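[1] mind looking at a prediction? Sequence and model below.
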Amino acid sequence: MKNQYDVIVLGAGPAGLKCAEELKNTNLSVLLIEKNKIIGPKICAGGLTQLTDGFDYPKDKTIIFNKLDMFLGTKKYEISMNHPIRTLDRYELGQYMLTKIKKTKNISILKDTLVKSVEKDKIKTTRGTFHFKYLVGADGSASIVRKYLGLENKIYLGIQYIIPKQYDKMKWFLNPKHLHSGYGWVFPHKKYTSAGVFFNPKFLKVDKAKEVLNKFLDDCGIDYKNATYEGGPANCLYKGIEFGNIFLAGDAAGLASAATGEGISFALTSGKEVAKKIINPNHKTLELDKILKIKQKGDKRLDFMDRVHLFQNILLRIYLNLLKSSKFQSWL
Ligand SMILES: Cc1cc2nc3c(=O)[nH]c(=O)nc-3n(C[C@H](O)[C@H](O)[C@H](O)COP(=O)(O)OP(=O)(O)OC[C@H]3O[C@@H](n4cnc5c(N)ncnc54)[C@H](O)[C@@H]3O)c2cc1C
């Protein structure tokens, strides 16, 4: 294996895989490095919104939901969605994306390799030192590349049960009194159900979030006795994607939505845009600008909700009633 590459992509999540795919068949030598032995699995509810519509993923492995039961406390709102939400297992997404770059001449893939440190033109890994012209930090919310760049983070948390049973309905629940501006979900997948809570740890402790989740599941008659319990961070503080010869994409760039925890679409878009920028430094990142506006709009809404915490219940009641209207959904 060579130890010098034009581009090293650190992390084979959706951001890194998409970035590598976009660099496929260029005259750039690319090394994609992943610490895990298996590409794909990640603590995630696997929900895909319309923001992923332009991307290729295994649609036959998804479940489509056109309806959503929203709960504010115990009150239920049935919402028919203009744009369906799909669920897709992260192993399936990762493996599918991997097939797009496997056996590509200019791309080498190194799994089971931890990057231990970053310098301006090289990285040190458990399999030696590799030099780069460009480095892409697509290494998630605890990014070592972001740390090297000295950027701060804003971490939100997600906890979830993976319940070994499929429930039929997609549910979201809000509970401002206990979850503050956080929310919970029940996302059925083909072979299991993800049920969790996404929240700002500034306002809520993990144990409390778990307690609220348990209560919601108990009330819905969802059995989580044999479930696996897990949790992870989502970095929501965006500071840019380009820092000289070093780029950031996905959660490493702080692109996860603080409002919803959605990050897959942002990871795919930014991974693609970073690759285009490396290929052509004059590339205008219009797709990124578009999703950034969406993220910032959501984050601002959340900020507002946090500031008017006492009125959240009433505002959410109005919001959920409006959400039943397809016109309001389009505006949103
Ligand atoms: C509980 C929870 C639920 C979520 N649900 C959803 C959802 O329903 N829909 C949605 O869109 N988003 C969801 N998200 C967010 C989503 O998971 C992320 O935004 C998305 O995975 C970001 O992709 P990424 O490629 O940037 O990073 P990641 O998917 O985190 O990939 C980073 C990769 O880098 C590797 N890596 C990290 N450090 C190193 C290192 N030092 N050396 C080598 N490799 C390294 C990791 O192993 C990993 O494979 C959820 C997050 C959480 C925590």
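    Thanks, I have it. Numbering: from 1, shown residues only.
[2] the chain: helices as residue ranges?
    If DSSP state H is used as the criterion, the helices of the chain fall at 14-22, 90-99, 144-149, 176-179, 206-220, 264-279, 286-307, 312-323, 326-331.
[3] of these, which is nearest Ile107?
    With distances scored as Cβ to Cβ, the stretch of these nearest to Ile107 is helix 14-22 (5.7 Å). Placement of C-beta: from N, CA and C, glycine included.
[4] now the angle from the closest one to helix 264-279?
    Between helix 14-22 and helix 264-279, the angle formed by their directions is 40 degrees, by axes from the mean of the first three to the mean of the last three Cα atoms, to 10 degrees.
[5] what's the average pLDDT for helix 14-22?
    The average pLDDT for helix 14-22 rounds to 98.
[6] show me how far that helix is from its chain's centre.
    Its chain's C-alpha centre lies 14 Å from the corresponding centre of helix 14-22 when counted by Cα atoms, centre = their mean, to the nearest Å.
[7] against which helices or strands is that helix packed?
    Under the contact definition 3 or more Cβ pairs under 8 Å, 6 or more residues apart in numbering; DSSP states H and E, helix 14-22 sits against strand 4-10, strand 30-33, helix 90-99, helix 264-279.
[8] which bits of this structure sit near the ligand?
    Listed as neighbours of the ligand in the chain under the rule Cβ under 6 Å from any ligand atom: 10-16, 33-36, 42-47, 114-115, 138-140, 144, 158, 160, 196, 232, 234, 250-252, 256, 261-265, 267.
[9] return a ChimeraX selection command for the buried portion of those.
    The following ChimeraX command selects only the buried members of the residues of the chain next to the ligand, with burial defined by 16 or more other Cβ atoms under 10 Å:
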select :10,11,12,13,14,15,16,33,34,35,36,42,43,44,45,46,47,115,138,139,140,144,158,160,196,232,234,250,251,252,256,261,262,263,264,265,267
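[10] related to what we said a few turns ago, now the helices and strands packed on helix 14-22 as a markdown table including distance to Pro201 and mean pLDDT?
    Formatted as a markdown table, the entries for those read as follows, by distance: least, Cβ to Cβ, whole Å; pLDDT from 0 to 100:
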| stretch | distance to Pro201 | mean pLDDT |
| --- | --- | --- |
| strand 4-10 | 26 | 98 |
| strand 30-33 | 29 | 98 |
| helix 90-99 | 23 | 98 |
| helix 264-279 | 20 | 98 |
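[11] can you add distance to Trp185 and give these back as TSV?
    TSV is the format used below for the helices and strands packed on helix 14-22 (distance: least, Cβ to Cβ, whole Å):
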stretch	distance to Trp185
strand 4-10	30
strand 30-33	31
helix 90-99	15
helix 264-279	14
